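>>> When you get a sec, could you give me coordinates for this:
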Amino acid sequence: MVQTTTATALSIFLLATGATAFAPVSSSRTVSRNAVTRSSRPIRAIQPPNSSRLFASPLEVVDESTSTSDDAFDDYQPTDEQTAIAIKDLVVGSGYTVGGTSESQLLQVKYSARLLGSKFTAKIREFDIPNMVFPTNQSRILPGLEEGLRGMKVGGKRLVRVPPNKGYGDSWYRGVVAPNSHLEFEVELKNIAQTPGEEFMMKLDQFGVERALGAAACLAYLAISPMLEKSGVL
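Here you go, the predicted model:
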């Protein structure tokens, strides 16, 4: 009787003090259930707030702010192995887009160029063009340069690096661009004609208003001079 009373009192004491946490588990089913409950909890990785990096794997870090086109531009090497162009936007425009249609577009650009991988790093005077008007998809300019203009918007400025296979190849050009030369163009897209009237004004702007007036006067004189001779004026 005394032993039973003592055991009962000891059990009450253990329950009151929380010491039952150290008591052995009554069945293996309870252990299995607790193990499943704990293992099924999702494990979340802790990432610092406002982090600009994404961890693709424990050994690889990918930076969201890095542009693929900028990487290609910075990695461009003026070697024989370099066969692809590279671009870098200096100013992103807000107007019409080059290549926004499958049809030919009339572009108005300003550009300059320099040699890459050469001791002559200054801009080439013959390539300092303040105003040039040309249609796309008609092989009017270097294929690499036209490729580099795609996606530009009116008002934008872009650097375009062109390898020889998309430039002047293995031939001299005007005695200033040597064979197998790599070129860097700085291009500003001034306008894209949207109507026949805009096309005429762009061509007139390139030709020059004064030159156009002079040419019109010459043509008019040639047209009326026979009549003036018959009338005895000339």
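>>> What are the boundaries of the helices in this structure?
Assigned by DSSP state H, the helices in the chain fall at 2-17, 28-39, 68-74, 143-149, 196-207, 209-230.
>>> List the contacts of the fourth one.
So the one you mean is helix 143-149. For helix 143-149, contacts defined as CB atoms under 8 Å, 6 or more residues apart in numbering pick out 85, 87, 98-99, 107, 109, 136, 158, 160-163, 166-167, 185, 187, 189. Placement of C-beta: from N, CA and C, glycine included.
>>> Mind checking which of these are in strands?
Using DSSP state E, the members of these that fall in strands are 87, 107, 109, 158, 160-162, 185, 187, 189.
>>> Distance to Ala72 for the residues you listed - can I get that in JSON lines?
Formatted as JSON lines, the ones in strands among the contacts of helix 143-149 follow (distance: CB to CB, whole Å):
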{"residue": "Ile87", "distance to Ala72": "8"}
{"residue": "Leu107", "distance to Ala72": "23"}
{"residue": "Val109", "distance to Ala72": "22"}
{"residue": "Arg158", "distance to Ala72": "13"}
{"residue": "Val160", "distance to Ala72": "12"}
{"residue": "Arg161", "distance to Ala72": "9"}
{"residue": "Val162", "distance to Ala72": "13"}
{"residue": "Phe185", "distance to Ala72": "16"}
{"residue": "Val187", "distance to Ala72": "17"}
{"residue": "Leu189", "distance to Ala72": "20"}
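>>> what's the most distant pair in the residues you listed?
Leu107 and Arg161 (19.5 Å; CB to CB).
>>> Can you get me a residue count around Glu146?
As a burial measure, Glu146 scores 22 neighbours (other CB atoms under 10 Å).
>>> quick one on the thing from earlier: out of the ones in strands among the contacts of helix 143-149, who has the most neighbours?
Neighbour counts for the ones in strands among the contacts of helix 143-149 peak at Val162, which has 27 neighbours (criterion: other CB under 10 Å).
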